[in-house]
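Participant: Everything below, folded, please.
(chains A and B)
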Amino acid sequence: MIEENQDENKLIAQRREKLTAIRAKRVAFPNGFIKEDTSTDLIEKYETKTKEELEGLAVTAAIAGRIIRMRGPFVVLQDGSGQMQIYLNNKSYSDEQAEEIKAFDLGDIIGVHGEIFKTGKGELTLRAGTFELLTKSLRPLPDKHKGLTDTEMRYRQRYVDLIVNEESRKIFQTRSRIMRLIRQYFESLDFMEVETPMMQVIPGGATARPFITHHNALDQEMYLRVAPELFLKRLVVGGFERVFELNRNFRNEGLSTRHNPEFTMLEFYQAYARYQDLMDLTEDLFRKIAIEIGGSSKVSFQGSEYDFAEPFARLSVTDSIKKYCSVVDDAAFASTESVVALANSLDVHFDENWSKGKVLMEIFDQKVEAQIDQPTFITEYPIEVSPLARRNEQNPEITDRFELIIGGRELANGFSELNDPEDQAERFKEQVAQKDSGDSEAMHFDHDYVTALEYGMPPTAGEGIGIDRLVMLFTDSASIKDVLLFPHMRVQQDPT
RNA sequence: GGGGCGUUAGCUCAGUCGGUAGAGCAGUUGGCUUUUAACCAAUUGGUCGUGCGUUCAAGUCGCACACGCCCCA
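Facilitator: As a prediction, the model looks like this:
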């Protein structure tokens, strides 16, 4: 029902009156129209025929869609596949039908049956033999040339954005294709797609603040997952040697052009693989997506160009700091004191009681990451910030881990998995100690996960890829909101 | 959390020095009826984001708030 105080504008009121008149005559929202063709199919099939050939063929067709243009007797319909012009001359119908045509508005959805012909200007057109209003649109569409440009309205009313902005429709079609490609890619490598809990009693698998909810029947606090990692590795213990999950994670953190509280993540685990194998796989995957989506290994993104035919650069955390912060002496990374001194000299903000590895990563996050444009694997992450990753055999302070940076953004994070249950128990203890000393992002101790590792997990490598950022990359989108159909927005306050 | 910018008709946008609000599209009425951002004539439409203040007078100046965008932490 319409709220009484909702002061509808005149345009909507006029359309509502038209709908009332339709209701008085017939079923206002009929659903019996049989749509036999799509606009794109018809154009592909008949566009190459001449005007005369089409007259000889006398092809009939039935299409349905939304009216998006009216040029006198010519009406452009938009359907799921594209657009096609209709010829609807109200002089060639009964008075009653002519009135109905006059009452059509931009945005109405109609079904048309008739014969295909070419106009004097050569545009393939469907001459309406019969026509039927299927859905009356009560709200006026945005500007027919400029579409809807107000970013807030585009996100809040995505359905309007999709009606009028083709670029927007394309982004989400591309997103869907990328998701399909990823599934095909992993299936071709004998990975099995699985679904693990999104509601968890212990939120694990990442250092991030979770959303908290409550299960009434069990009277128990539960968390929306920040990552599926620990469950996927339980499956590797169970004998599924190649698994992947492509679904939503939830992190209770701020919003930005790169962060949405719920976001889509691909995680995959491969037994008997090492993190180096996953770097190779990642290069291959990105190359295939680039070629499949853009027809070329080269991708333009926000003014940069990346060629995914080339192998990605590989650089350790400390080497990247040396390269981008003009540090020449390796001694800067030798001790906690020297790393703290380096952070101070680079004007990096950090907490006094942080460990060496954490301060080191803070230097990387604040001073290096944004500067890395071309695809680069950063390796040799400190053990303190990698509680689930395998310890390096030569250097016990670092892990067999990498992150992929492109355009200053983290796209992927992978490592050889820690499968030593006793080391894992120690790492959880350290996380709990950090949590007790006030770090709200630190991990919980997951005893059952350690138990699983005690049964034995084969040597395994695993990786997560942020799908929203991946889609941003391949659609040249500046904001994560542009690749999310319904991005999170603050509620608008009621003006009462 | 801090800073900057924005919010005017259904949509896209102007609005000068503070002086009673304008265009294009959409809409309405009529004409035209193989057009291509269709065209021609006439015409309707405004809590200027919200609130408070300064002023004879506020879309315009000030303050607060809301929402959005960008940058920084």
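Participant: tell me the secondary structure for A:Glu310?
Facilitator: coil (DSSP: H, G, I helix; E, B strand; the rest coil).
Participant: what's the answer for A:Ala461, then?
Facilitator: Taking three-state DSSP, the label given to A:Ala461 is strand.
Participant: Wait, it touches A:Arg274, no?
Facilitator: Yes. Counting by Cβ atoms under 8 Å, A:Arg274 is a contact partner of A:Ala461 at 5.5 Å. C-beta coordinates here come from the backbone N, C-alpha and C atoms, glycine included.
Participant: who has more neighbours, those two?
Facilitator: A:Ala461 (25 against 16; other Cβ atoms under 10 Å).
Participant: Within range of RNA strand B, give me the residues from the stretch 151-300 of chain A.
Facilitator: A:Thr151, A:Glu152, A:Met153, A:Tyr155, A:Gly254, A:Ser256, A:Thr257 (Cβ under 7 Å from any atom of the strand).
Participant: now with 6 Å?
Facilitator: Counting by Cβ under 6 Å from any atom of the strand, the residues of the stretch 151-300 of chain A close to RNA strand B are A:Thr151, A:Glu152, A:Met153, A:Gly254, A:Thr257.
Participant: one step back: which neighbours do A:Ala461 and A:Arg274 share?
Facilitator: A:Ser416 (Cβ atoms under 8 Å, 6 or more residues apart in numbering).
Participant: Counting neighbours, what do you get for the closest residue to A:Arg409 other than its chain neighbours?
Facilitator: Closest residue to A:Arg409 apart from its sequence neighbours, by Cβ to Cβ, 6 or more residues apart in numbering: A:Arg469 at 5.7 Å. A:Arg469: 21 surrounding residues under other Cβ under 10 Å.
Participant: Does A:Arg469 touch A:Arg258 like I think?
Facilitator: Yes. Between A:Arg469 and A:Arg258 a contact is recorded at 6.7 Å, counting by Cβ under 8 Å.
Participant: anything in contact with each of these two?
Facilitator: Shared contacts of A:Arg469 and A:Arg258, counting by Cβ under 8 Å, 6+ apart, come down to A:Arg409, A:Ile480.
Participant: and the stretch 301-450 of chain A, which residues reach RNA strand B?
Facilitator: A:His349, A:Gln366.
Participant: now the helices for the stretch 301-450 of chain A?
Facilitator: All helices of the stretch 301-450 of chain A, identified by DSSP state H, counting those that start in this stretch, fall at A:317-324, A:336-345, A:356-363, A:421-436, A:447-455.
Participant: mind listing what A:Asn413 touches?
Facilitator: Applying Cβ under 8 Å, 6+ apart, the residues contacting A:Asn413 are A:Arg401, A:Phe402, A:Glu403, A:Leu404, A:Glu463, A:Gly464.
Participant: State the pLDDT value of it.
Facilitator: What the model reports as pLDDT for A:Asn413 is 97.
Participant: Just grab the bridge partners of it for me.
Facilitator: A:Glu403, A:Gly464 (DSSP bridges).
Participant: A:Pro261 and A:Arg490 touch, don't they?
Facilitator: No. The criterion here is Cβ under 8 Å, and A:Pro261 misses it with A:Arg490 at 11.8 Å.
Participant: quick one: low-confidence parts of the stretch 201-350 of chain A?
Facilitator: Along the stretch 201-350 of chain A, no part satisfies pLDDT under 70.
Participant: follow-up on the earlier one: same drill for A:Pro261 and A:Arg490, tell me which one is more crowded.
Facilitator: A:Pro261 (15 against 6).
Participant: Please report how far the more buried one lies from RNA strand B.
Facilitator: Using Cβ to the nearest atom of the strand, to the nearest Å, A:Pro261 is found at 12 Å from RNA strand B.
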